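S.K.: Return atomic coordinates for the entry below.
(4 chains)
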Protein chains: 4
Amino acid sequence: MSIRIFITGGTFDKEYNELTGQLYFKDSHLPEMLELGRCLVPIEVRTLMMIDSLEMSVIDRELIARHCEEADETQIIITHGTDTMADTAQLLMEKVKNKTIVLTGAIVPYKFGSSDGLFNLGSAIAFVQTLPAGVYIAMNGRYFKAGKVRKNKETGEFDEMQ
Amino acid sequence: MSIRIFITGGTFDKEYNELTGQLYFKDSHLPEMLELGRCLVPIEVRTLMMIDSLEMSVIDRELIARHCEEADETQIIITHGTDTMADTAQLLMEKVKNKTIVLTGAIVPYKFGSSDGLFNLGSAIAFVQTLPAGVYIAMNGRYFKAGKVRKNKETGEFDEMQ
Amino acid sequence: MSIRIFITGGTFDKEYNELTGQLYFKDSHLPEMLELGRCLVPIEVRTLMMIDSLEMSVIDRELIARHCEEADETQIIITHGTDTMADTAQLLMEKVKNKTIVLTGAIVPYKFGSSDGLFNLGSAIAFVQTLPAGVYIAMNGRYFKAGKVRKNKETGEFDEMQ
Amino acid sequence: MSIRIFITGGTFDKEYNELTGQLYFKDSHLPEMLELGRCLVPIEVRTLMMIDSLEMSVIDRELIARHCEEADETQIIITHGTDTMADTAQLLMEKVKNKTIVLTGAIVPYKFGSSDGLFNLGSAIAFVQTLPAGVYIAMNGRYFKAGKVRKNKETGEFDEMQ
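M.R.: Residues are numbered from 1 along each chain as shown, chains lettered A, B, ... in the order given. Here you go, the predicted structure:
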């Protein structure tokens, strides 16, 4: 059985627009990253949206949840902006049962030399194969259970909540 | 409790010698890679040797095994050349009990732009936290149990053995 | 005699802020780029400002001109945002005589993998050593005389004006 | 009139063979590098050979000279291994008149993150447009006249000879 990856955007996939000097979304870098990692796990990739997670609405989150429910796969990775990743994880935890769902992202765009993206993707692919059913966030080499994690806006890191 | 990383060399850490044009070992890139991955898992790194795995002797392997046994940590990652990674895994499986040991490496040096190293390191750090006690190889986003894996010399990939 | 490099900012030196997701200026990457290029030409680097060239005022330009006049060196490179590079070149042409001044920049930040910055820097260092006294823009492997060049806002390229 | 680039191999174009762990030649990276530099100078690229310059014979050098003579272009860049670059420059100086020929290379392969290749290419493209007819070596941001330059085997740098 394959792993399913749903792409929603986030820093991960931001590009530099050479004309305007702004960061923007074009195509996802996921296929290129899987190739670079010489990933041989069967993986199905589908882009659901390409947005900044600060712009993600309830409707967007419900769309993601429905895709998770309806997917044949029981191991699902979601690439997602870090700002509201914990919110989406919370909603998925309430709506989707009996699947292992791992949300991951990056704090620096993949196209920047200093990106953490490839490291995070490697860890997410490993976590989704080994963690029991549930919803998790994988960042900084760690994993957190949905509902018990928040992004610390001052450090940019994810913290476990009691 | 920290994760312990033992460095043994391998393609991972090969450098380009600007004077001779040969690949060689200098310092490990592990600390730099952990920083790039913004890794926040507590990790202790120790270099045991810096060699090509084709040059690894039985004595070298026994040294690695002894370090694994004596380490306080129960989660251990070993960076290792891919050519004889399966052999070292086999020996560790026989000698070291009650620990989760994950061997990983790279097929292209980290310092080459096209390296799979960062992806593999991310997956190894995830696998070592989630797999039960035992010895494993983590490559290409997959994991294999020691004793049931070999490197296919024609494709360069690891295959599961029956 | 050394070459003098004055840094004024521009896309060249933009960094990605991991907390805010915005591009901003921190330190210049020039020393790192000269090292990467194994540059052995004697070079003196000085940062005059770190700004987007759209925010460059007449006072800023006059400051740059005064530094060019007062410098001991007769070969001067200025790193500069591309949007108003032609304007600064025009002013320098009117104010600074008997020196070879080459303005260069980048359309993608150096820290992005796909940057043209290192290529442009290599060409600027060559042009400044070989062109006669005058003010020039060096971009895309080409050089243009000040007063006869403008940036085409639609293509992002520099065009020669009749 | 275009610039002509003749490719002969050298460190510049070395690739890492994932199966054997050896460096080898596949295709040239020149087109990719010109694209990265957003080079807009008209350039014609032709591969003459793909060899290590230590293996370059007199016959190889004469072939290069003949191509330089017969080319329509008067501005010619040759990518070349650094070990015998000065020898080829010497022969070209004797055989080819009335053209500006610039030899360049790299001390680290382009595909390694730490390569000086893009910087050198940028400088070579600038030097070939501005230097008078003659044969030159462009390395480390500097240029040297053929017949007055040698590679210092201990430092890996090019020195001017008296």
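S.K.: Check which helix or strand the closest residue to A:Phe25 other than its chain neighbours maps to.
M.R.: Among residues not flanking A:Phe25 along the chain, A:Met50 sits closest, at 4.0 Å (Cβ to Cβ, 6 or more residues apart in numbering or on different chains). Where C-beta positions appear, they are placed from N, C-alpha and C, glycine not excepted. Taking DSSP states H and E as the definition, A:Met50 sits inside strand A:43-51.
S.K.: Against which helices or strands is that strand packed?
M.R.: strand A:3-9, helix A:30-36, helix A:58-70 (3 or more Cβ pairs under 8 Å, 6 or more residues apart in numbering or on different chains; DSSP states H and E).
S.K.: so of these, which one's packed in deepest?
M.R.: strand A:3-9 (a mean of 23; mean count of other Cβ atoms under 10 Å in any protein chain shown).
S.K.: so how many other residues sit close to A:Arg90?
M.R.: You called it Arg, but residue A:90 is Gln. By the criterion of other Cβ atoms under 10 Å in any protein chain shown, A:Gln90 has 18 neighbours.
S.K.: separation between it and chain D?
M.R.: Distance, A:Gln90 to chain D, by Cβ to the nearest Cβ, to the nearest Å: 39 Å.
S.K.: hmm, who's touching stretch A:15-23?
M.R.: Defining contact as Cβ atoms under 8 Å, 6 or more residues apart in numbering or on different chains, one finds that stretch A:15-23 is touched by A:14, A:24-26, A:109, A:111, C:11, C:14, C:21, C:23, C:52, C:107-109, C:112, C:114, C:153-154, C:156.
S.K.: could the helices and strands packed on strand A:43-51 be laid out in TSV, adding distance to C:Ile137 and mean pLDDT?
M.R.: Formatted as TSV, the helices and strands packed on strand A:43-51 follow (distance: least, Cβ to Cβ, whole Å; pLDDT from 0 to 100):
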stretch	distance to C:Ile137	mean pLDDT
strand A:3-9	37	97
helix A:30-36	34	96
helix A:58-70	45	97
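S.K.: The strand holding A:Met50 pairs with which strands?
M.R.: Here strand A:43-51 is paired, per DSSP bridges, with strand A:3-9 (parallel).
S.K.: Please tell me how far the strand it pairs with is from the chain's geometric centre.
M.R.: 7 Å (Cα atoms, centre = their mean, to the nearest Å).
S.K.: which other residues reach it?
M.R.: Contacts of strand A:3-9 (Cβ under 8 Å, 6+ apart): A:13, A:25, A:28, A:30, A:41-53, A:56, A:60, A:64, A:67-68, A:71-73, A:75-81, A:125, A:128-129.
S.K.: hmm, try it at 7 Å
M.R.: Strand A:3-9 has contacts (Cβ atoms under 7 Å, 6 or more residues apart in numbering or on different chains) with A:25, A:28, A:30, A:41, A:43-52, A:64, A:67, A:71, A:73, A:75-81, A:125, A:128.
S.K.: same check, this time on stretch A:55-75
M.R.: If you take Cβ under 7 Å, 6+ apart as the criterion, stretch A:55-75 is touched by A:1-4, A:6, A:8, A:48-49, A:76, A:78, A:84, A:88, A:91-92, A:95-96, A:99-101, A:128-129.
S.K.: Pick out the residue of chain A closest to chain D.
M.R.: A:Gly113 (7.8 Å; Cβ to the nearest Cβ).
S.K.: Make a PyMOL selection of the buried ones in the contacts of strand A:3-9.
M.R.: A single PyMOL command is used to select the members of the contacts of strand A:3-9 judged buried by 16 or more other Cβ atoms under 10 Å in any protein chain shown:
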select buried, chain A and resi 25+28+30+41+43+45+47+48+50+51+52+64+67+71+73+75+76+77+78+79+80+81+125+128
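S.K.: So which residue is smack in the middle of chain A?
M.R.: Chain A has A:Thr79 as the residue nearest its centroid, 2.2 Å off, counting by Cα atoms, centre = their mean.
S.K.: returning to that earlier point: count of residues packed around the residue of chain A closest to chain D?
M.R.: Neighbour tally, A:Gly113, other Cβ under 10 Å: 16.
S.K.: what's near enough to touch it?
M.R.: Residues in contact with A:Gly113, defined by Cβ under 7 Å, 6+ apart, are C:Lys111, C:Gly113.
S.K.: measure it to C:Tyr110 for me?
M.R.: 9 Å (Cβ to Cβ, to the nearest Å).
S.K.: and if you look at A:Lys95?
M.R.: From A:Lys95 to C:Tyr110 the distance is 44 Å (Cβ to Cβ).
S.K.: which residues of chain A score low on pLDDT?
M.R.: The model of chain A has no residue with pLDDT under 70.
S.K.: those helices in chain A, which residues are they?
M.R.: A:30-36, A:58-70, A:85-95, A:117-130 (DSSP state H).
S.K.: Quickly check: the longest one near chain B or not.
M.R.: Yes - part of helix A:117-130 sits close enough to chain B to count as contact by Cβ under 7 Å from any Cβ of the partner chain, namely A:Leu118, A:Phe119, A:Asn120, A:Leu121, A:Gly122, A:Ser123, A:Ile125, A:Ala126, A:Phe127, A:Thr130.
S.K.: Check the first one too.
M.R.: Yes - contact of helix A:30-36 with chain B (Cβ under 7 Å from any Cβ) involves A:Leu36.
S.K.: C:Gly141: which of the residues of helix A:117-130 next to chain B is nearest?
M.R.: Closest to C:Gly141 out of the residues of helix A:117-130 next to chain B is A:Leu118 (31.4 Å), distances taken as Cβ to Cβ.
S.K.: what residues are up against that closest one?
M.R.: A:Met33, A:Leu36, A:Gly37, B:Leu118, B:Phe119, B:Gly122.
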